[in-house]
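Asks: Could you look at this predicted model? Sequence included:
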Amino acid sequence: MATVSGFTALSRVLGFIRDICMGFFLGSGHAADAFFAAFKFPNLFRRIFGEGAFNSAFVPLFGKELNEKGKKEAVQFASQTFSMLAIVLIIITAIAIPLMHWITMIHAPGFKAATTFSVTDSAKPQEVSFGINVRGAKSIYITVDNNGDAELKNATLLYKKKNIPIISSLLADDREKPEPVDLIKKSSEYSQAEWIKDNQWVKKITLAAGHKFNTLEGKALIHASENGVTNFKIYRNHPETFNLTVTLSKITFIYLLCMALVAHLSGVLNTIKVFGMPAAAPVLLNIIFLLGLLVVTSVMGIKDHPLKCAHVAAWCVFIAGFIQLGALYITCIRKGIRIHLCKPKINAKMKRLFFLMGPGIIAAGIQQINLLVGGIIASFREGAISYLYYSERVYQLPLGMIGIGLGVVLLPEVTRRLRKGDQTGAVTSMNRGVEMALLITLPAALAMTLIPYPIISTLFQRGAFSPGDAMATSMALAGFSFGVPGYVLVKVLLPGFFARENTKSPMIMAGITVFVNIVVSLLLFGRLGHVGIALATAVAAWVNVALLLFGLRDFWKADSRLKKRLPRIIIATMIMGIGIWLINRAMEGWFVESGFGQRLLGLSVLVISGLLIYAIAALKLKAISIEDLKNEYQK
C-alpha cells in the first residue's frame, strides 16, 4: 500500500504545482472555466477507470484465469478484453468528437445564453422583453451578432420572491430585500464595457459583489442586419466560454480512450502484484502539464494570453494519455505479459466481464458522477466551476494518499482470501482498511473545515487568483471537507461487493446516491451557490456509505479492535481541532493582504502543529501504535 499511496500522493503534490501554474497562466476567467469544464469530462473517466472501478470487474476474473488455467490462458483473456475495449472506445471517440457541441450542452449547459431572440426583418426594428435569473451572477453579457444592432430601452435589477410550496418555507429568506435598480438611469454606478469581436457586439455589466438581486428584466429594440438573421443574447457567463469549451473538449476527449486502456493494463499488473507503474502513471500527466505550461508557453511567448495557454493545457492532456498508455504497456512486456491486439471473441468469459464492468463502473465512480452533476449545476454561475475545481484538488489529497491506495490493494487481497475460503481474513482486512481510512481522514476533514482560507490562499492566491477567489474557493473546500471520510470509506467498502462479483447492489445504491446529490444540490444552489454543490456532494457520499454498510450487514461487521479504537480516533481528532483553532485565532491577520512568504509560514505552523498534536494524542490514547503503522504500510 505504501507504493500505491506514495505515488498517488506524489501525483497530488505535482497536481498542486500544476494547478498553481493553472492559476498563474489561465487566471480565473472564462479560459479557466472552459478548460476545467473540458478537462472534467475525460478526467472523470480517468478517476473512474484509473482508480479501481474497471479493476473491480476485471481483476477477479483475470486472477481466476491466472490461478486456475495458468499464465498463457490469462494473457489470452487479457488480450481479448484489451482489444474489445479498444474497438468500443475508438468507435465512441469517433462518434463523440463530431457531436461535442451537443455533449457540452449536457455537461456545461450554463455556458449557453440564458435567453435568445432572433430577428430577420431589417426594415423594421423589433422590441422584445426579457427576464433572466441573475442570483449570484458576477456579470451580465449582452451580445448582438451578424453586424446587427440593439438598444436597451430598459434594464432593471430586482428581487422577486419565489413561491414554491414546502421548499419556500424550508429556505425562507428574512433578510432585507434590495430596492430595484434601473441600470440605464444608474449606469455610472455599475461598471460597463463594450467591444466588437468577429462581427459581434458585446456589452458587459459587472454586478456588485454579494448582491441580493435574483432577476434582470427589461426591453430591447433590435435592429436586424441586412446580412440575415440577427441574434440578441444575454449570458450569465462570458459569451465565448461555450465555444471554447467545445474546442478544448475535442482535444481532451481522446484521453478517455487512453485511460480506459491504461486501467486495463493496470488491472493486469495489480493482479501479479506490480503496483508501482500503475500508481505512477498519473505522475506522468502532471509532468507533461508542467512542461507544457512552464516551457512551451515561454518558448511560444504566450504567457500573458490565457486563451492560448488553455489550448496548450488541452494538448498536454492529449499527449499525456498516450505517454501513460505506452509506459504501462512497456511495463507489462518487461514483466512477461505480452498483451496484443487481436480479433475479440464474445465468449462466456467476455460476457461475464462486461456484465460486471458496466454496473461496477457506475458504482465505483459514484463520487465522480456526483462531481459531474455538481459541474452541470455550477455552469450556471460564472467562476463556480473554477472554485469547485481548485477546492476539489485540495480535499482529494487525503483521498489520494489513503483512499485509492486502500481500494486498489484491498480488492485483490479480499478476493484472494475469499477464493481460499477465508472469509474471516477478508473481513479483518476490511476492518483494518476502515480503521486506517478514519485514522487519516477524520483529522484531515476537520482541519479543512477549520482553516480552509489559510490553505487556499497559500496554495493559489497569486496572479489573477484574487483574495476574493480564495475566499470563494475556501468556502467550497469547507463544504467538501464534511464528506472526506465518506469518500474514502466508499473506496474501502466496495471491495466487499466486488470481490464476491456483486456489482448490481452497488449500482442500485449509486443511483440512489446520485438522486440525493441532485436534489440537495438544487435545493442549496440558489441560496449557497457553489458551496451548496460542495455540501450536496458530501451529503451524497455519506448516504452512499450508509447504503453500502446496509448491503454488507451479513458479510462485514466491525471487530472489537475497530470498536475500541474509533472513539479514541474521534477524541484525538477533536483535540487536534481545538489546537489548530486556537493557533489560527492567535495568527489572525496572517493570511489577509499578506505576501506568499508569510502565508506559507503561517500555514506551515498550522499544519505541523496539527500533525504533532494529533500524533501525540492518537499515540497517548492508543488509537494507533507505531508498530501498527509499520505493519499496515508494509502490506
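Replies: Here it is on my side, so go on.

Asks: quick one: average pLDDT of stretch 272-283?
Replies: The pLDDT scores in stretch 272-283 average 81.

Asks: can you give me the strands in the protein?
Replies: Ranges of strands in the chain, per DSSP state E, are 115-119, 126-133, 139-144, 149-158, 181-182, 192-197, 200-206, 215-223, 230-235.

Asks: how about the helices in the stretch 1-150 of the chain?
Replies: 2-26, 30-50, 53-69, 71-96, 100-107 (DSSP state H, counting those that start in this stretch).

Asks: Burial-wise, tell me which of these comes out on top.
Replies: Of all these, helix 30-50 carries the top mean neighbour count, a mean of 25, counting by mean count of other Cβ atoms under 10 Å. All C-beta spots, glycine's among them, are computed from the backbone N, C-alpha and C.

Asks: Quick one: distance of that helix to the chain centre.
Replies: Relative to the centre of its chain, helix 30-50 is centred 8 Å away, using Cα atoms, centre = their mean, to the nearest Å.

Asks: ok and that helix relative to helix 2-26, angle-wise?
Replies: Angle, helix 30-50 to helix 2-26, by axes from the mean of the first three to the mean of the last three Cα atoms, to 10 degrees: 160 degrees.

Asks: Phi, psi for R135 please.
Replies: phi -60, psi 120 (degrees, to the nearest 10).

Asks: ok, it to T458 distance?
Replies: Distance, R135 to T458, using Cβ to Cβ, to the nearest Å: 31 Å.

Asks: So which of the two has more stuff around it?
Replies: Per other Cβ atoms under 10 Å, whichever of R135 and T458 has more neighbours is T458, with 23 against 19.

Asks: Does that one touch G602 like I think?
Replies: Yes - the criterion here is Cβ atoms under 8 Å, and T458 meets it with G602 at 7.5 Å.

Asks: which neighbours do these two share?
Replies: F591 (Cβ atoms under 8 Å, 6 or more residues apart in numbering).

Asks: just to revisit the earlier point, now tabulate the helices of the stretch 1-150 of the chain in JSON lines and tack on mean pLDDT and distance to Y395.
Replies: Formatted as JSON lines, those follow (pLDDT from 0 to 100; distance: least, Cβ to Cβ, whole Å):
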{"stretch": "helix 2-26", "mean pLDDT": "79", "distance to Y395": "11"}
{"stretch": "helix 30-50", "mean pLDDT": "78", "distance to Y395": "14"}
{"stretch": "helix 53-69", "mean pLDDT": "75", "distance to Y395": "20"}
{"stretch": "helix 71-96", "mean pLDDT": "86", "distance to Y395": "29"}
{"stretch": "helix 100-107", "mean pLDDT": "90", "distance to Y395": "21"}
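
Asks: Compile these into TSV and extend it with columns for distance to L612.
Replies: Listed next are these as TSV, based on distance: least, Cβ to Cβ, whole Å:
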stretch	distance to L612
helix 2-26	20
helix 30-50	32
helix 53-69	37
helix 71-96	47
helix 100-107	43
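
Asks: which stretch among those helices comes nearest S379?
Replies: helix 30-50 (6.8 Å; Cβ to Cβ).

Asks: now the angle from that closest one to helix 100-107?
Replies: With the same axes, to 10 degrees defining the directions, helix 30-50 sits at 80 degrees from helix 100-107.

Asks: which residues does A38 contact?
Replies: Per Cβ under 8 Å, 6+ apart, neighbours of A38: T245, L248, S249, I251, T252, A314.

Asks: Now do the residue located most distally from the centre of the chain, the pLDDT please.
Replies: No residue in the chain sits farther from the centre than A123, which is 50.2 Å out by Cα atoms, centre = their mean. For A123, the pLDDT comes out at 73.

Asks: I'd like the distance between it and D149.
Replies: Using Cβ to Cβ, we find A123 at a distance of 14 Å from D149.

Asks: worst-scoring helix or strand of the chain, pLDDT-wise?
Replies: Using mean pLDDT, DSSP states H and E, the weakest-scoring helix or strand in the chain turns out to be helix 167-170, at a mean of 41.

Asks: Go ahead and measure how far stretch 85-100 is from the middle of the chain.
Replies: With Cα atoms, centre = their mean, you get 23 Å for stretch 85-100.

Asks: next one: stretch 421-435
Replies: For stretch 421-435, the separation from the chain centroid amounts to 30 Å (computed by Cα atoms, centre = their mean).

Asks: Just the C-alphas of it, formatted as CSV.
Replies: Presented in CSV, the C-alpha positions along stretch 421-435 are these (Å, rounded to 0.1, in the frame of the first residue of the first chain):
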residue,chain,number,x,y,z
GLY,A,421,-12.5,-19.7,1.8
ASP,A,422,-11.0,-17.4,4.4
GLN,A,423,-14.0,-15.1,5.0
THR,A,424,-12.7,-14.1,8.5
GLY,A,425,-9.4,-12.9,7.0
ALA,A,426,-11.3,-11.0,4.3
VAL,A,427,-13.4,-9.2,6.9
THR,A,428,-10.4,-8.5,9.0
SER,A,429,-8.6,-6.9,6.0
MET,A,430,-11.6,-4.6,5.5
ASN,A,431,-11.7,-3.7,9.2
ARG,A,432,-8.1,-2.6,9.1
GLY,A,433,-8.9,-0.6,5.9
VAL,A,434,-11.8,1.2,7.7
GLU,A,435,-9.6,1.9,10.7
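
Asks: Give the closest residue to N43 in space, chain neighbours not counted.
Replies: In this structure, N43 finds its nearest non-sequential neighbour in Y255, 7.4 Å apart by Cβ to Cβ, 6 or more residues apart in numbering.

Asks: returning to that earlier point: which among the helices of the stretch 1-150 of the chain is found nearest to T503?
Replies: Between T503 and those, the tightest spacing by Cβ to Cβ is seen for helix 53-69, at 6.6 Å.

Asks: Centre of the chain to the closest one, how far?
Replies: Using Cα atoms, centre = their mean, the offset of helix 53-69 from its chain centre is 29 Å.

Asks: next one: stretch 207-221
Replies: On the basis of Cα atoms, centre = their mean, stretch 207-221 sits 30 Å off its chain's mean C-alpha point.

Asks: just stretch 276-287 next, same as before
Replies: Per Cα atoms, centre = their mean, the centroid offset for stretch 276-287 relative to its chain is 18 Å.

Asks: Same check on stretch 545-555?
Replies: That offset, for stretch 545-555, works out to 26 Å (Cα atoms, centre = their mean).

Asks: Would you mind putting the CA coordinates of it into PDB?
Replies: C-alpha atoms of stretch 545-555 as PDB (Å, rounded to 0.1, in the frame of the first residue of the first chain):
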ATOM      1  CA  VAL A 545     -21.600   4.900   2.900                       C
ATOM      2  CA  ALA A 546     -24.800   4.100   4.800                       C
ATOM      3  CA  LEU A 547     -26.300   2.100   1.900                       C
ATOM      4  CA  LEU A 548     -23.000   0.100   1.400                       C
ATOM      5  CA  LEU A 549     -22.900  -0.700   5.200                       C
ATOM      6  CA  PHE A 550     -26.500  -1.900   5.000                       C
ATOM      7  CA  GLY A 551     -25.700  -4.000   2.000                       C
ATOM      8  CA  LEU A 552     -22.700  -5.600   3.800                       C
ATOM      9  CA  ARG A 553     -24.600  -6.300   7.000                       C
ATOM     10  CA  ASP A 554     -24.500 -10.100   6.500                       C
ATOM     11  CA  PHE A 555     -20.800 -10.100   5.500                       C
END
